[in-house]
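Enquirer: Make a model of this:
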Amino acid sequence: MDFGLAYTEEQQAFRREVQEWISENVPDDMREPVDPRDFSEKQWQFWHAKHQEMAEKGWLFPTYPKQYGGGGLSGDHETILSEEFRNNNIPWSGSSLLFATLLVWGTEEQKQKFLVPLLNGTKIAWQKLTEPKGGADLANYQSRAVRDGDDWLLTGQNVYISGQPRPGWEPAGPDFIYGPMLTDPDAPRHRNLGYFIIPVPSEGLDIKEMNLLPGHDQHAIFMDNVRVGSDHLIGGETQGWQVMGAHLEQEHGGRGRATPSPRDLFASQMVDYARDTEVDGSSLGSDPVLQQVAMQATLDSYRDELLNKRTYWMYQSRMELSYEGNLGDVHNREHQLRNTIRVRDVMGMYALLDGNDPRAPQGGAQEVSQRDKAGQRHAGGSTNIAKVILSRKIGVSRTQMRSAPTPATATDYGS
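Expert: Have a look, this model is predicted:
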């Protein structure tokens, strides 16, 4: 079966344009390293400037509204950009969870204040969700927001907050952090939160790097009476749970993915290793047991890709999504763990050699993957939470839930 997409001549012409731009603008030493821990301040500075150039071409956030600094391009354009940037190790995401929140819930003034500089690449934002005590239980949020005249005073802590650059790098970042705060402790759950965008730096705000198993791109955030204006509150002061729905709908898979991310390609790398490695004069891949393991990993990866492409197609087509994104999310979480184990079955201890060891296959890519898959299963909430959400969407839970409004269903998205 051919899992590849068929491209028109017009689309292939756009691909050639992207390839030519990469060739002319991206030196080899500025491409993403195999191990994200090796990403340097020099590379950060290069890409911070280059992303602004990409934004001017409409390539940084290609499918977002042109009126706010996005590309106003199609999902086909984003698919091609994603493929070429992935294949050439270019730092790029194409989307942000904050964009959904602002497009659905932000006022026009808030879109101009926050969305425009984010889409044009001049500013960056990190989400702040996980708390030290409650973890991913956002309905039990403890960080407080207290009204003080026309302002709010924010106090609380967060952990495992992802993002670049590292502290001390120039230009510094992030420019904003965003997420819920408890605004009314006496109100019932889901009616007691506000959703804030917080400028960085701010008095009383401290961000500390956490050096964890996957690397050093995780942070702890401390807020002590951080003052923000009322224009930094998105939605009503007790609508934070509802506002967060647009954010979480996409974090839980509701936008899908045009192509697999670079970190999802470890199964195909394992197949390459099995084919190219000789043991006792024959290919490692000639072992029928390892062939079966490799085939299972490959099929799992294709299935994951198809689930996410289906959701992406539905999202870009402005179709009403139900369980599709959550199904892709749960499958992605579980298949990655299955395939991580299969990689160790095929590659053995070589899968645990990092790039500093000359015997490490593929520059240590599999060791990076092993650490990443072991340490990042909490991202977007735990897998158990993802299963609860899916069960509610398909109607087998005691409680039912519908998909939250997103830019694709509630706005003139991409126009």
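Enquirer: how close does residue 260 sit to residue 274?
Expert: According to Cβ to Cβ, to the nearest Å, residue 260 and residue 274 sit 19 Å apart. Just so you know, the C-beta spots here come from the backbone N, C-alpha and C atoms, and that holds for glycine as well.
Enquirer: Check residue 168 too.
Expert: Residue 168 sits 42 Å away from residue 274, going by Cβ to Cβ.
Enquirer: next one: residue 61
Expert: For residue 61 relative to residue 274 (Cβ to Cβ), the value is 38 Å.
Enquirer: who has more neighbours, those two?
Expert: residue 61 (27 against 20; other Cβ atoms under 10 Å).
Enquirer: Can you tell me the element the nearest residue to that one once chain neighbours are set aside falls in?
Expert: Nearest non-adjacent residue to residue 61, counting by Cβ to Cβ, 6 or more residues apart in numbering: residue 70, 4.8 Å away. Assessed by DSSP states H and E, residue 70 sits outside every helix and strand.
Enquirer: Would you mind confirming that residue 70 is in contact with residue 56?
Expert: No: assessed by Cβ atoms under 8 Å, residue 70 is found out of contact with residue 56, at 11.5 Å.
Enquirer: Neighbour count for these two, which is higher?
Expert: Shown here are residue 70 and residue 56; by other Cβ under 10 Å, residue 70 has more neighbours (25 against 13).
Enquirer: mind listing what that one touches?
Expert: If you count contacts by Cβ atoms under 8 Å, 6 or more residues apart in numbering, residue 70 has them with 58, 61-64, 119, 414.
Enquirer: could these go into JSON lines alongside secondary structure, distance to residue 149 and pLDDT?
Expert: Below are the contacts of residue 70 laid out as JSON lines (DSSP: H, G, I helix; E, B strand; the rest coil; distance: Cβ to Cβ, whole Å; pLDDT from 0 to 100):
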{"residue": "58", "secondary structure": "coil", "distance to residue 149": "41", "pLDDT": "97"}
{"residue": "61", "secondary structure": "coil", "distance to residue 149": "36", "pLDDT": "97"}
{"residue": "62", "secondary structure": "coil", "distance to residue 149": "42", "pLDDT": "97"}
{"residue": "63", "secondary structure": "coil", "distance to residue 149": "40", "pLDDT": "96"}
{"residue": "64", "secondary structure": "coil", "distance to residue 149": "35", "pLDDT": "96"}
{"residue": "119", "secondary structure": "helix", "distance to residue 149": "32", "pLDDT": "97"}
{"residue": "414", "secondary structure": "coil", "distance to residue 149": "39", "pLDDT": "69"}
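Enquirer: which one among those gets closest to residue 91?
Expert: Closest approach between the contacts of residue 70 and residue 91, by Cβ to Cβ: residue 61, at 13.7 Å.
Enquirer: what's residue 216 sitting at in phi/psi?
Expert: Main-chain dihedrals, residue 216, degrees, to the nearest 10: phi -120, psi 20.
Enquirer: Would you check how far apart the closest residue to it other than its chain neighbours and residue 166 are?
Expert: Counting by Cβ to Cβ, 6+ apart, residue 216 lies nearest to residue 209, which is 5.6 Å off, once chain neighbours are set aside. Applying Cβ to Cβ, the value for residue 209 to residue 166 is 6 Å.
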